[in-house]
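Asks: structure for this input, please:
(one chain, ligands or ions: 1)
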Amino acid sequence: MASAANSCPYLVVHRNNDFSSSRFPSNSTTSFSNSKPKGFSIRCQSSTNTDETKTTKPTNLLDNASNLLTNFLSGGKIGSMPTAEGAVSDLFGKPLFFSLYDWFLEHGSVYKLAFGPKAFVVISDPIVARHILRENAFSYDKGVLADILEPIMGKGLIPADLDTWKLRRRVIAPGFHALYLEAMAKMFTDCSLRMTTKFEKLLDLEASRGGTKIELELESEFSSLALDIIGLGVFNYDFGSVTKESPIIKAVYGTLFEAEHRSTFYVPYWKIPLANWLVPRQRKFQTDLKVINDCLDGLIRNAKETREEADVEKLQQRDYLNTKDASLLRFLVDMRGIDADDRQLRDDLMTMLIAGHETTAAVLTWAVFLLAQHPSKMRKAQAEIDTVLGQGRTTIEAIKKLEYLRLIVVESLRLYPQPPLLIRRSLKPDQLPGGYRGNKDGYSIPAGTDIFVSVYNLHRSPYFWDNPDDFEPERFQRQKASDGIEGWAGFDPSRSPGALYPNEIISDFAFLPFGGGPRKCVGDQFALMESTIALAMLLQKFDVNLKGPPESVELVTGATIHTKNGMWCQLQKRQSNYP
Ligand code: HEM
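Replies: Numbers count the residues shown, from 1 in each chain. Down below sits the predicted model:
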């Protein structure tokens, strides 16, 4: 490794461009030999080997047709940017972001990806990401993402038009204030306890049969936990899904499943006239949506009937720990001077239900997946939990002391960002910066350019991270300078004083787990605390192993990165306490 590595161990700039061997080292926990793409076809237009075709699998008829369309329709629209041509077959059978990573190493951190008649610009550089997400944020909207989510989330924050977004963001963001988060920490603990009590009962049953271990599909368990938490935190509704099934829970999963399907399907079948009546999955989706909407409408009606109007400042000082309803809905309805109609409130709630559920479940899944492969790090986390909590409950004060566990959460988010891609569309022509190693004059893009900011690539960039594929929570403890990368400020915790978790400000957009700029996640602190508490409560009581080899946990992606067939684990009661 070049000298930069020695002077910058936190975020290292490699001068050496050959990362092919270090990307998936044999002992890397993130090497998925069975789910990694085995072969694809790339035609590189920008390299000196123009038109060299690296083919490890014969391109099929569809791919050829797609390439032809690309050349005719979109090849030259985005100027002189390096171009990767995706084969249509790249869209099937493997997560797209794996291919985006390979093309990033090949073409650089700003490249154009052409799929048939469609072209996307793929960004894997913090300087360019910062330009799009923060410095020039209002020149972009959510593009295809809004098209997909609008039928589900309406005018909720994620797909909303700019005017609605400005109005609602101003109202919703103050809802995540300090006393709310404190009350939420208590609720996270109660819900996590419900989950761990369930596991203890299963283990007791097993013990009565002479066994010491149970096998559980933990991803589903985390999904239930996250659903219960988001229901209570956002609209004070207890799904109780850790312990039971219900029509509303089924409807929520049906809707999430459809949202996911739409985000990976490349034809907007839901826009086809009469599809709601003619296509069975559309009919089911409409039925699920109605079940959820009826439930949310009931909760909104009830909140409005019991409204106690107050100014924002007063609302932020309520005794949330001792009120029956500390939810965000209560806050939104009670806010003086804001009379959101029921439809808008429902869209807000639905957006947060979807945005805050699967994302958090995924963080917990991948954190356990990584820890199970690093027993010494699991023991280190358990030792910290024993010291800070003993057999006690998690609180905000405890979270402040659980430093290693917090770093495990963010390191899991670095390796498995949720979502792995941020989607934007330019509303007007723009001049993108070249980024590190890019064209020094930058790249001009026309209005209507579709953009993927690949958080996955950024988080695993060999230019900004040392051993980018390795699970090293400790990396965040080492603060370092930018080491001469022009336009990038390096990693400096003093830029975000008091932050409990590393963020995009500290890393100057090299670490973007919650996005950045005005559209940054409103629920970031909620989610981070939730994940830290759930993990603490789990590891306080149990040792966890994967049931099979890590390679058996196949990975797929929609809005989030999750497993193909669940994450089967073995759980047993903790064998030892660590002083
Ligand atoms: C670990 C869990 C979570 C992760 C990784 C996550 C990640 C993100 C990211 C990356 C964005 C930015 C999207 C973009 O720029 O296109 C976002 C936006 C958003 N998130 Fe989260 N999120 C999480 C949990 C939550 C929770 C718990 C809530 C609500 C309680 C929430 C509500 C939202 C909303 C409303 C937006 C849209 C913000 C806006 O456009 O103004 N998220 N989230």
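Asks: phi, psi for the residue nearest in space to the middle of the chain please.
Replies: Residue closest to the mean C-alpha point of the chain, counted by CA atoms, centre = their mean, is Gln418 at 1.3 Å. When read as degrees, to the nearest 10, the backbone of Gln418 gives phi -120, psi 110.
Asks: sketch out the low-pLDDT regions of the stretch 451-579 of the chain for me.
Replies: 578-579 (pLDDT under 70).
Asks: sec struct for the residue of the stretch 251-400 of the chain found nearest the ligand, please.
Replies: Taking CB to the nearest ligand atom, the ligand has its nearest neighbour within the stretch 251-400 of the chain at Gly356, 2.8 Å off. Yep, even glycine has a C-beta here, placed from its N, CA and C like the rest. The local conformation at Gly356, judged by DSSP: H, G, I helix; E, B strand; the rest coil, is helix.
Asks: which bits of this structure sit near the ligand?
Replies: Taking CB under 6 Å from any ligand atom, the part of the chain that reaches the ligand is made up of 157-158, 169, 234, 351-352, 355-356, 359-360, 363, 418, 422, 513-515, 519, 521-523, 526-527.
Asks: change it to 5 Å
Replies: Neighbours of the ligand within the chain, by CB under 5 Å from any ligand atom: 157-158, 169, 352, 355-356, 359-360, 363, 418, 422, 514-515, 519, 521-523, 526-527.
Asks: what about the residue in the chain positioned nearest to the ligand, neighbour count?
Replies: For the chain, the residue closest to the ligand is Gly523, as judged by CB to the nearest ligand atom, at 2.3 Å. Gly523: 22 surrounding residues under other CB atoms under 10 Å.
Asks: likewise Lys290?
Replies: Using other CB under 10 Å, Lys290 has 11 neighbouring residues.
Asks: what is the three-state secondary structure of it?
Replies: Per three-state DSSP, Lys290 ends up helix.
Asks: state the mean pLDDT of the helix or strand hosting Phe120.
Replies: Under the criterion of DSSP states H and E, Phe120 resides in strand 118-123. The pLDDT scores in strand 118-123 average 90.
Asks: do the same with stretch 331-345
Replies: Averaged over stretch 331-345, pLDDT sits at 91.
Asks: which strands or helices does the helix or strand in which Phe257 is found pack on?
Replies: According to DSSP H and E, Phe257 maps onto helix 247-264. Counting contacts by 3 or more CB pairs under 8 Å, 6 or more residues apart in numbering; DSSP states H and E, helix 247-264 packs against helix 144-153, helix 280-305, helix 342-372.
Asks: that one versus helix 342-372: what angle between them?
Replies: Here helix 247-264 runs at an angle of 80 degrees relative to helix 342-372 (axes from the mean of the first three to the mean of the last three CA atoms, to 10 degrees).
Asks: buried sites along helix 247-264?
Replies: For helix 247-264, burial by neighbour count (16 or more other CB atoms under 10 Å) applies to 248-249, 251-256, 258-260, 262-263.
Asks: quick one: closest of the helices and strands packed on helix 247-264 to Glu85.
Replies: Each of the helices and strands packed on helix 247-264 has some distance to Glu85 by CB to CB; the shortest is helix 144-153, at 19.5 Å.
Asks: just the buried positions in that closest one, please.
Replies: Neighbour counts over helix 144-153 (16+ other CB under 10 Å) mark 144-153 as buried.
Asks: can you redo the residues you listed as CSV with pLDDT?
Replies: Below are the buried residues of helix 144-153 laid out as CSV (pLDDT from 0 to 100):
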residue, pLDDT
Val144, 86
Leu145, 87
Ala146, 89
Asp147, 84
Ile148, 85
Leu149, 88
Glu150, 89
Pro151, 86
Ile152, 89
Met153, 92
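Asks: from the residues you listed, pick the one nearest Ile127.
Replies: Taking CB to CB as the measure, Leu145 is the one of the buried residues of helix 144-153 closest to Ile127, at 23.0 Å.
Asks: name the nearest residue to the closest one, ignoring sequence neighbours.
Replies: The shortest distance from Leu145 to any residue other than its chain neighbours is 4.1 Å, reached at Ile423 (CB to CB, 6 or more residues apart in numbering).
Asks: that's a helix at that neighbour, yeah?
Replies: No - with three-state DSSP as the criterion, Ile423 is strand rather than part of a helix.
Asks: residues touching it, list them.
Replies: Contact analysis of Ile423 by CB atoms under 8 Å, 6 or more residues apart in numbering lists 142-145, 450-453.
Asks: ok, back up a step: so how far is Ala303 from the residue nearest to the centre of the chain?
Replies: Applying CB to CB, to the nearest Å, the value for Gln418 to Ala303 is 29 Å.
Asks: what of Ser220?
Replies: 30 Å.
Asks: quick one: which of the two has more around it?
Replies: The residue with more neighbours, out of Ser220 and Ala303, is Ala303; 20 against 16, by other CB under 10 Å.
Asks: so what's that one up against?
Replies: 235, 325, 329-330, 333.
Asks: now, of these, which are buried?
Replies: 235, 329-330, 333.
Asks: now tabulate these in JSON lines and tack on secondary structure.
Replies: Below are these laid out as JSON lines (three-state DSSP):
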{"residue": "Phe235", "secondary structure": "helix"}
{"residue": "Leu329", "secondary structure": "helix"}
{"residue": "Arg330", "secondary structure": "helix"}
{"residue": "Val333", "secondary structure": "helix"}
